[in-house]
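J.: Any chance you can model this:
(chains A, B and C)
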Amino acid sequence: MKLFHKIRRTGIVTEPLSVDGADDVVLAREIDARARSLFGRALAIREVDAGSCNGCEVEIAGLSGPVYDMERFGLHFVASPRHADMLLVTGPVTRNMAVPLRMTYDATPDPKLVVAVGDCARTCGVFAGSYAVVGPVDSIIPVDVTVGGCPPEPTQILHGILAAIGRFERGGARRA
Amino acid sequence: MDPLMTDALVIAAQTAFLIVIAPAVVGYVRLIKARLQGRRGATIIQPYRELRKTFRKGMVIAESASWIFHVAPFAIVGATTAAASLAPVVSTVQPADLVGDLFVLAALLMLGTFFLALGGLDPGTAFGGMGSSREMTVAALTEPTIAIAVLTLALTTGSTSLGAITGTVLKTPAYAIGPGHALAFAAFLIALIAETGRLPVDNPSTHLELTMIHEAMILEYSGPYLALIEWAAAVRLTLLLTLAANLFLPWGMATSLVPAALTVGLCAIVVKLAILGMLLALLETRVAKLRLFRVPELLALSFTLALLGAASSFFTK
Amino acid sequence: MLGAFALGAVAALVLPLGAFVRRTALVFAAIGSACALALSVSVLRAGATWTGRWDNLLQPLGGVSLRLDSLGAFFLLIIGFTGLPASLFAIGYLKQIDRHMRSRATHTLFNVFLASMCMVTCADNGGTFLFAWEVMAVASYLLVISDPEQRDAPTAGLWYAVMTHAGFLALLAGFIILAQGGSWEFPALHSASTLLAPRARGAVFVLMAAAFGSKAGLVPLHVWLPRAHPAAPSHVSALMSAAMVNLGVYGLVRLVFDLLPPGPPWWGGLLLGIGVITALTGVLYCVAETHLKRVLAYSTVENLGLVFIGLGFALLMRGYGYGPLASMGLVAALLHTLNHAAFKCLLFLAAGSVVHRTRNVSMEMFGGLIKRMPATAMLSLVGTLALAGLPPLNGFPSEWLTFQVLVAGAQRTAPALAILLPLALAGVALVAGLAALSGVRLFGITFLALPRSTGAQHAQESTWMMVLAMAIPAVACVVLGVAPASVIPQLSRIASDLGQPTGPLSAGLALSVPLVASRMWAAMIAAVAVSAGVAAALVVRISGRDRPVRVGAAWNCGRIIQSARSEYTAAAFAEPLKRVFTGFYRPMQEVTVDVHPTSRYFVRSIRLRADLVPWMDEVVYGPLVRATRGVSDRMRQLHSGSIHFYLALLPGALLLLFVISRWIR
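T.: Have a look, this model is predicted:
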């Protein structure tokens, strides 16, 4: 019962999406028009950790929390790439995760989108040149949107995802 | 109008209602849960958008899959629709009583589970087999509870047919508040949670495969097959909630096929679904998922409740 | 009919070895089965009985007298109906033993087996009945041990022989008590039994129910079944499971409803309780076993348990004086017997196909057969759906009817049964659920996913004759599932012929039980389900013109290799259930850790052996076997080798006989 008292006291804490998170979002290529029309209102996201330090994961976990609440935009996480429309990839792609990342991409049905989150996913970040790292995400699978930052804030990640499906909220994303 | 045509129309209308409103029920429960978690959440119609999007997506079929993989979603849809056609939704005048009773409904739901389990085993993945094994075990262990709950209802109302049960309970409210029915209702609710895969038996939104029961079987499905299976799961939830509401608390149901009474019945079922959905959301927020090997204990509890209900029905006859 | 079997047997003995003798003998067996089928259908249709009497044959046993009434005709129908596919199947299946000497024996015995089973259903005389019973037992025993490749066949045969002969002795004792020194003709026994004291009647019931129950596979007398059925060749197993065990049911029904007058309720209560225990035991072991044919054998135990639940209920209701309910229970039991015969025959033939082609018996070695043996897989799916008791196939109507009669009985009977009938209902429901579990496991592990052994990988489809033989019971499964009401009038007439008032069980398009105001219109349910599925398929098809569909690797969480090792095994599938019922299974687990002699931290190998030992055999039969062995060892001391002792035994025996005969006089 104390749980329900606490729930009542806390109330709804979701914040409206702020505009200034869209700076570091880069559209890597033209978004497929079919994907854009299909995924405008409902998007299933599969998160793939290709060897990241989990900093980006913590921020992504915040996306499904009360403050950033991605469900209000129709986004939700799924358990299998077969159910997914978008792959949210983090991490410099390590040697061990190169093939699984490719297999995950192949397992996802078409049409699909890929968003690379974090500096590591964009350019291998601080791990660039390491013997354990193969290359950034776009050396393994084609990427649609990159979101920079180490780690990027949930707002920025949200902007990246929304840019991928063509829904900008009062602000635009830079084109590559 | 020709009575046969009226009957067919009534059955078709009730089935169509259940089919159409099912995703909204799921969306409603999700919305309540989101609000309880302090989030805004998606709207009630979000599941419709998701189903539409999933239906239009492409598919990837595993090369180890056989024709069972392709047939299973349609078999599940067929079985769930047939079960839904038997449920009393708005009126106690149930032409579907001529087609089947509560045992038939339970068997049709089991038929759907059978094909879902086969679809999980077909691609030959480890998690598919795990999901099938767990799902069939839980389904098998809820069968005695449902049978005894039906027996309790039959003992007081004199029939196992759904329309007849709702009609008799409506006419004699004393049954509904009797110990037999109350215990059977509690047992039925626990069985409902087990059959539809909600917390505390199974978490419908988990991503950890080792905690999955239902989700593990559908990890391999995509595109329209996935949409059909998700929709059938929603219909199953709505169907069982409707049964819980109308078999045990049938007030508001129409006793004749007069349009005014039918409208009242429609509003009544919507209200009852809303209340039951809210209770389900509150329960799912309050409890954590049970360990898989503690689930049989929960099911044994529901069986004991049902048995007590049946015994008390004997002695209060 | 019997002539056809005789010809087949003789042909097998006389003709030279080769394909021709196999085909001739088995074709005659098939013809004989068809004649049995035709005869039984004509008796059931016309309602007339068929009699025959030969006083000069078997004179010490009172001559051979045969009478085929509706009850016997029903069981003859089942025998003919399962004999036909089994014979056709064997034409392809036994091709491999054409060159061996034992093929003669196998074909002869097969014909003799079928003939003796037919005679059991027609027997009108205690002597004829026992003669046919014994011939059936001996023929099936020889067939069980006929395959030298089965290593456990001799032991299985031994268990079977001992138990069936123990049953025979019990039957003999029962008949002796029943006849009270008079004629052994069944009509005479019927009138003589009214003169028996109630305690004697109870003794006859217990003795003969034990014998018939052992043949039918009731716990704890079922132990021969999971040993003998898997060891026999598959077409013989099909006959044993689908026809011979039903003769136990036939004997019991004949005894209780025809020979003996109505008995006290405890007869029914006993059978009901044993039926529930049997059904639960059968299904729990069916779920846990990995030997394919043993799974099916335990499923036979389970289904016979369900039949005895119906029978026990009927007796119970008759004991309390509720005639209509009793007849409904009897109809439910007979319907389930028929349905079980159909799908069990199908499944054993399919199992024979699979075992034959993959050269393996364990389910852990199968997999992927749906792509290599598509017709067998399709027919097995029909059989498995029936085994799981799911609509619209034929396992469901009889289960549904059993549920309904139990509910009807619970509604109308005294609080004395307030706990027994709900528990029985719960037991039946649990059995139904677990049967579905075993069905998924049986079909899924055997046919789906990837092959788990080279045998499964190189399997090929069976010959068209074998597939045809499997298709016959499959069609019956579908027809009986979609239109169960078509056989209800005949079954009700059997019940009324046995003297039960007709219960309110109407047929027509739907099965309906007015006592609980419930109906089941199987055809409509099937129609709705199929049309909904087809409609969904059409929608997907039509809307999918520009939908990208690819074939790819199965999603294994990104692991590099997918192999058969990553699939679920049969033992793993049953694991959650085995944990729930650990107290029942008492699983045995043996872990052997082999360490390096220098230090126990260097582990060289770990060996785990997990096995399911049927503890019931040890608990119930272990002491019996040990006692017998002890007695035999003591008796061996009589073989002292001294000829004086042996000679002294002769006059001693004569003296004893003299004293006994004086005493009897």
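J.: rest of the way, CA atoms for contacts and neighbours
T.: Will do.
J.: what about stretch A:102-121, near chain C?
T.: Yes: applying Cα under 8 Å from any Cα of the partner chain, one finds stretch A:102-121 touching chain C at A:M103, A:T104, A:D106, A:A107, A:P109, A:D110.
J.: I figured the second one hits C:R559, correct?
T.: No: contact criterion Cα atoms under 8 Å: A:T104 and C:R559 do not qualify, at 9.8 Å.
J.: which of the residues of stretch A:102-121 next to chain C tops the neighbour count?
T.: A:A107 (29 neighbours; other Cα atoms under 10 Å in any protein chain shown).
J.: my guess is that one contacts A:R82, does it?
T.: Yes: under the criterion of Cα under 8 Å, A:A107 makes contact with A:R82 at 6.0 Å.
J.: quick one on the thing from earlier: in the residues of stretch A:102-121 next to chain C, which has the lowest confidence score?
T.: Across the residues of stretch A:102-121 next to chain C, the smallest pLDDT goes to A:D110, namely 86.
J.: Distance check, it against C:S543.
T.: 16 Å (Cα to Cα, to the nearest Å).
J.: Equivalent analysis for A:Y105, please.
T.: Applying Cα to Cα to A:Y105 and C:S543 gives a distance of 25 Å.
J.: ok, those two, which is more surrounded?
T.: Neighbour tally, A:Y105 and C:S543, criterion other Cα under 10 Å: the higher count belongs to A:Y105, 24 against 13.
J.: The more buried one against A:I141, yeah?
T.: Yes: counting by Cα under 8 Å, A:Y105 does reach A:I141; the two are 7.1 Å apart.
J.: The host helix or strand of C:V475 packs against which elements?
T.: Using DSSP states H and E, C:V475 sits in helix C:464-482. With contacts defined as 3 or more Cα pairs under 8 Å, 6 or more residues apart in numbering or on different chains; DSSP states H and E, helix C:464-482 has these neighbours: helix C:70-93, helix C:323-358, helix C:374-387, helix C:395-412, helix C:522-543.
J.: so where's chain A uncertain?
T.: For chain A, applying pLDDT under 70 flags the ranges A:20-23, A:167-176.
J.: ok, whichever residue of the stretch 101-250 of chain C sits closest to chain A - contacts?
T.: Closest to chain A within the stretch 101-250 of chain C is C:P230: 41.9 Å, counting by Cα to the nearest Cα. Residues near C:P230 by Cα atoms under 8 Å, 6 or more residues apart in numbering or on different chains: C:S237, C:K293, C:R294, C:A297.
J.: change it to 7 Å
T.: Residues in contact with C:P230 (Cα atoms under 7 Å, 6 or more residues apart in numbering or on different chains) are C:S237, C:K293, C:R294.
J.: C-alpha coordinates for the host helix or strand of the first one, CSV please?
T.: It stands for C:S237. Assigned by DSSP H and E, C:S237 belongs to helix C:234-239. The C-alpha coordinates for helix C:234-239 follow below in CSV (Å, rounded to 0.1, in the frame of the first residue of the first chain):
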residue,chain,number,x,y,z
SER,C,234,5.4,-51.7,-34.7
HIS,C,235,2.4,-53.2,-36.4
VAL,C,236,2.0,-55.7,-33.6
SER,C,237,2.3,-52.8,-31.0
ALA,C,238,-0.4,-51.0,-32.9
LEU,C,239,-2.7,-54.0,-32.6
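J.: Just the residues contacting whichever helix or strand comes after it, thanks.
T.: Scanning forward in sequence from helix C:234-239 by DSSP H and E, the next helix or strand is helix C:245-253. Residues outside helix C:245-253 that contact it (Cα under 7 Å, 6+ apart): C:F75, C:A209, C:F212, C:G213, C:K215, C:A216, C:T337.
J.: a helix runs through the fifth one, doesn't it?
T.: This points to C:K215. Yes: assessed with DSSP: H, G, I helix; E, B strand; the rest coil, C:K215 lies in a helix.
J.: What about the residue lying closest to it once chain neighbours are set aside, how many residues nearby?
T.: Nearest residue to C:K215 in three dimensions, chain neighbours excluded: C:G248, at 5.2 Å (Cα to Cα, 6 or more residues apart in numbering or on different chains). Residues within reach of C:G248, counting by other Cα under 10 Å, total 23.
J.: Next to chain C in this structure, residues from the stretch 101-250 of chain B, please.
T.: Residues of the stretch 101-250 of chain B lying near chain C by Cα under 7 Å from any Cα of the partner chain: B:101, B:107-108, B:111, B:114, B:117-118, B:121-126, B:129-130, B:133-134, B:136-137, B:139-141, B:143-144, B:147-148, B:151, B:155, B:158-161, B:220, B:224.
J.: So the residue at the greatest distance from the centre of chain C versus chain B, what's the distance?
T.: Most distant residue from the mean C-alpha position of chain C: C:T598, 56.2 Å away (Cα atoms, centre = their mean). According to Cα to the nearest Cα, to the nearest Å, C:T598 stands 39 Å off from chain B.
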